[in-house]
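[1] I'd like to go over a predicted model; first the sequence, then the structure.
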Amino acid sequence: MRGIGILSRLTVAMCVASLATAAGQQAIVKRLETASVMGMKGAILVKNGQTTTCELALISNKLAFVAANCLDFEPNSNIVDTTSTYQVMVSDGGTGNVGTFTVASTQSHPKYNPKSFANNVALLRFDGGDGVQWKNYIAANPNDWKSEFYVKRTTSGSSWAMPQVQESTGAAPAECANASPIYAANTKDFMCTDKFTTASQDGKTCASPFGTVYGVADPDLAVAAIYSHSVVIGDSLCSSTKVYSYYTILSNFLEWGGAVAGSTIYLYTPDMNYKNNDNPNYVMNDPSGDATMSGLLIGGDLNNQQGEQVGPSSVEQPSSSTIPTMSSVPITQQPSSSPEPVEEEPKKKSNLTTIIIIVVAVLLLLAIIGYLLWRKFKRCPAPTNMGTQYNNNQYAVGGQNYAPEYQDDYDHNTPHLNNRIISQDEYPHDDAAHRASYDYDSKNPDLMR
């Protein structure tokens with residue numbers, strides 16, 4: 001893959017010389033933009049035998065970039081549905097038809113996001129014939145461009161109409177970031193314009209986004225971006241007050257395309273010191289929020305295309321109505337209304353009551369535990385008995401220390417009076433029986449035999 005990047009950069013000089021010859025040496029003026037575009041091959045995707053509005057960025061007679069949202073995918077998957085068939089219809093740049101070729105394989109970018117349209121690119125392999133070898137160049141460096149040509153190619157059966165071209169030299173409208181979060185997060189990966197072509201449909205004038213964008217480095221030009229999506233301010237393309245269209249710039253995805261194709265993709269820049277992105281795993285930034293402008297989000301093949309309301313007052317579900325385009329009959333749509341506000345006050349009160357009950361229960365439990373601990377540590381000590389005093393050398397009474405007095409002549413079989421030691425005079429007893437009940441050789445005369 002690194003080798004592919006090196007090859008791409010090595011072909012820059014060839015690109016400059018080749019394009020200078022193809023586009024002519026004179027400066028591009030207002031009346032020459034169509035003639036200049038007509039000098040470069042263009043292509044449209046044909047799906048299941050029907051032409052689409054999806055234009056391709058041709059790489060060679062065997063490879064092309066297309067927007068991933070122009071393809072069909074397996075449900076809830078980033079895998080292309082192989083039951084759909086695809087063809088590439090190639091023009092000579094003007095009204096001549098080069099041929100229609102069967103697509104052999106499709107490969108979408110692994111990080112393509114069908115909801116946000118991040119990394120909205122895919123690579124097509126097709127058999128363009130081995131008789132004539134040709135290649136196109138991808139305009140790589142936006143800093144080179146003096147302006148951009150927005151191009152729309154259309155067909156009628158097997159015939160091509162003259163391409164419609166509109167030049168843009170100004171900055172993107174400020175509203176582009178409000179309408180599309182993915183654009184706001186990746187302004188260097190998209191072009192945005194409020195320009196479009198028009199077509200008549202059943203007496204109505206319908207907006208029609210361009211299919212490709214060419215970078216113009218006067219006097220040369222090369223394809224630079226492919227159509228990704230639009231945000232329509234209104235109910236449809238046939239009844240819109242404003243349309244903001246977004247185009248994926250291809251330069252950051254050339255290395256990925258070369259790695260998938262296993263071949264060189266040629267880029268164009270007049271700056272010989274320019275270094276293109278050489279990361280085959282390049283991905284766009286994720287959008288940081290929702291659109292701040294309400295509109296109808298559409299993209300990919302606009303024939304029989306379904307849209308989705310986006311913005312502050314939108315419901316995040318696809319619209320069930322078909323978006324009227326140049327090849328579909330307009331359908332009257334009712335303006336989508338905001339959902340009724342949900343009454344949440346009773347739920348908030350219930351939650352508050354539950355919290356209060358829990359807090360009270362916890363406080364009550366802590367109070368009980370504190371009371372039990374207080375009883376345990378503040379309870380008065382039990383009265384000291386004679387055995388405890390006798391096991392000490394002295395004890396205190398009335399602030400004075402006394403050594404225990406051993407009464408040799410009292411009967412242990414007779415209870416004490418009021419738990420005090422009484423004298424021999426207060427308690428008569430038989431001395432002989434008393435003395436016989438003690439072991440005078442013991443260190444503790446209080447113990448009986």
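    Looks like it arrived, so ask away.
[2] can you give me the strands for the stretch 251-400 of the chain?
    267-268, 295-299, 306-310, 318-322, 395-397, 400-402 (DSSP state E, counting those that start in this stretch).
[3] which stretch in those is the model least sure about?
    Looking at those, the lowest mean pLDDT belongs to strand 318-322 (a mean of 39).
[4] what about the longest helix along the chain, average pLDDT?
    Secondary structure of the chain per DSSP state H: the longest helix is helix 345-378. Per-residue pLDDT over helix 345-378 has a mean of 80.
[5] Same question for stretch 272-284.
    In the prediction, stretch 272-284 has an average pLDDT of 93.
[6] shaky segments in the stretch 101-250 of the chain?
    Residues of the stretch 101-250 of the chain meeting the criterion pLDDT under 70: 130, 201.
[7] Show me the helices in the chain, by range?
    Applying DSSP H to the chain gives helices spanning 2-10, 12-23, 33-38, 175-179, 181-185, 254-261, 345-378, 386-390, 431-436.
[8] CA atoms of the fifth one as CSV?
    Backbone C-alpha positions of helix 181-185 (Å, rounded to 0.1, in the frame of the first residue of the first chain) are rendered in CSV as follows:
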residue,chain,number,x,y,z
PRO,A,181,-23.5,17.8,10.9
ILE,A,182,-21.1,15.6,8.9
TYR,A,183,-20.1,18.6,6.8
ALA,A,184,-19.6,20.7,9.9
ALA,A,185,-17.2,18.1,11.3
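[9] wait, Phe117 sits on Asn69?
    Yes. In terms of CB atoms under 8 Å, Phe117 counts as a neighbour of Asn69; the distance is 6.4 Å. Where you see a C-beta, it was placed from the backbone N, CA and C, and this is true even at glycine.
[10] okay, and the common contacts of those two?
    Residues touching both Phe117 and Asn69 (CB atoms under 8 Å, 6 or more residues apart in numbering): Ser228, His229, Gly299.
[11] Tell me the one among those nearest to Phe73.
    Looking at the shared contacts of Phe117 and Asn69 and their distance to Phe73, the nearest is Gly299, at 13.4 Å (CB to CB).
[12] So what pairs up with the nearest residue to that closest one once chain neighbours are set aside in the strands?
    Leaving aside its chain neighbours, Gly299 sits nearest to His229 (3.1 Å; criterion: CB to CB, 6 or more residues apart in numbering). Listed beta-bridge partners, His229: Tyr246, Gly299 (assigned using DSSP bridges).
[13] ok, His229 touching Leu296?
    No. With contact defined as CB under 8 Å, His229 does not count as touching Leu296 (10.7 Å).
[14] Surely Pro181 and Asp286 touch.
    No. Using CB under 8 Å, Pro181 is not in contact with Asp286; the gap is 9.1 Å.
[15] Look at the two and report which has more neighbours.
    Pro181 (19 against 13; other CB atoms under 10 Å).
[16] Can you give me every residue that contacts that one?
    Pro181 neighbours (CB under 8 Å, 6+ apart): Ser116, Pro287, Ser288, Gly289, Asp290, Ala291.
[17] related to what we said a few turns ago, give me the number of residues near the residue nearest to Gly299?
    His229, neighbours per other CB under 10 Å, totals 24.
[18] what residues are up against it?
    Applying CB under 8 Å, 6+ apart to His229 gives the contacts Asn69, Phe117, Asn120, Ser180, Ser245, Tyr246, Leu297, Ile298, Gly299, Gly300.
[19] from these, which two are the most distant?
    Greatest spatial distance among the contacts of His229 (CB to CB): Ser180 and Gly300, at 14.8 Å.
[20] more neighbours, these two?
    Shown here are Ser180 and Gly300; by other CB under 10 Å, Ser180 has more neighbours (28 against 23).
[21] Tell me how far that one lies from Gly234.
    Ser180 sits 16 Å away from Gly234, going by CB to CB, to the nearest Å.
[22] again, but for Phe190
    22 Å.
[23] the more surrounded of those two?
    Phe190 (24 against 16).
[24] from memory the more buried one sits against Ser245, does it?
    No. The pair Phe190 / Ser245 is not scored as a contact, 10.0 Å apart, by CB under 8 Å.
[25] neighbours of Lys195, just the number please.
    Using other CB under 10 Å as the criterion, Lys195 is surrounded by 15 other residues.
[26] show me what contacts it?
    Tyr150, Gln166, Ser168, Phe210, Ser245.
[27] let's see it at 6 Å
    Counting by CB atoms under 6 Å, 6 or more residues apart in numbering, Lys195 makes contact with Gln166.
[28] repeat for Gly257
    Shown in contact with Gly257 (CB under 6 Å, 6+ apart): Leu123, Ile265.
[29] Quick check: it vs Thr85, distance?
    From Gly257 to Thr85 the distance is 22 Å (CB to CB).
[30] can I get the CA coordinates of stretch 273-282 in PDB?
    The C-alpha trace of stretch 273-282 is given here as PDB (Å, rounded to 0.1, in the frame of the first residue of the first chain):
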ATOM      1  CA  ASN A 273       6.100  19.700  -3.600                       C
ATOM      2  CA  TYR A 274       2.500  18.700  -2.700                       C
ATOM      3  CA  LYS A 275       2.200  15.500  -0.700                       C
ATOM      4  CA  ASN A 276      -1.200  13.800  -0.700                       C
ATOM      5  CA  ASN A 277      -2.600  11.800   2.200                       C
ATOM      6  CA  ASP A 278      -1.000   8.300   2.100                       C
ATOM      7  CA  ASN A 279      -3.100   6.600   4.800                       C
ATOM      8  CA  PRO A 280      -5.300   3.900   3.300                       C
ATOM      9  CA  ASN A 281      -7.300   3.700   6.600                       C
ATOM     10  CA  TYR A 282      -8.300   7.300   6.500                       C
END
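[31] Buried ones in that stretch, by neighbour count?
    By neighbour count on 16 or more other CB atoms under 10 Å, the buried set for stretch 273-282 is Asn276, Asp278, Pro280, Tyr282.
[32] right, and the second one touches Glu255 too?
    What that stands for is Asp278. Yes. Between Asp278 and Glu255 there is a contact at 5.2 Å, judged by CB atoms under 6 Å.
[33] how far away is Gly295 from Tyr266?
    Distance, Gly295 to Tyr266, by CB to CB: 37 Å.
[34] the more surrounded of those two?
    A direct count of neighbours by other CB under 10 Å for Gly295 and Tyr266 places Gly295 higher, at 26 against 23.
[35] what bridges to Lys135?
    In beta-bridge terms (that is, DSSP bridges), Lys135 pairs with Ser60.
[36] sorry, back to before: show me the two of the buried residues of stretch 273-282 that sit farthest apart.
    Maximum distance among the buried residues of stretch 273-282 (CB to CB): 12.0 Å, for Asn276 and Pro280.
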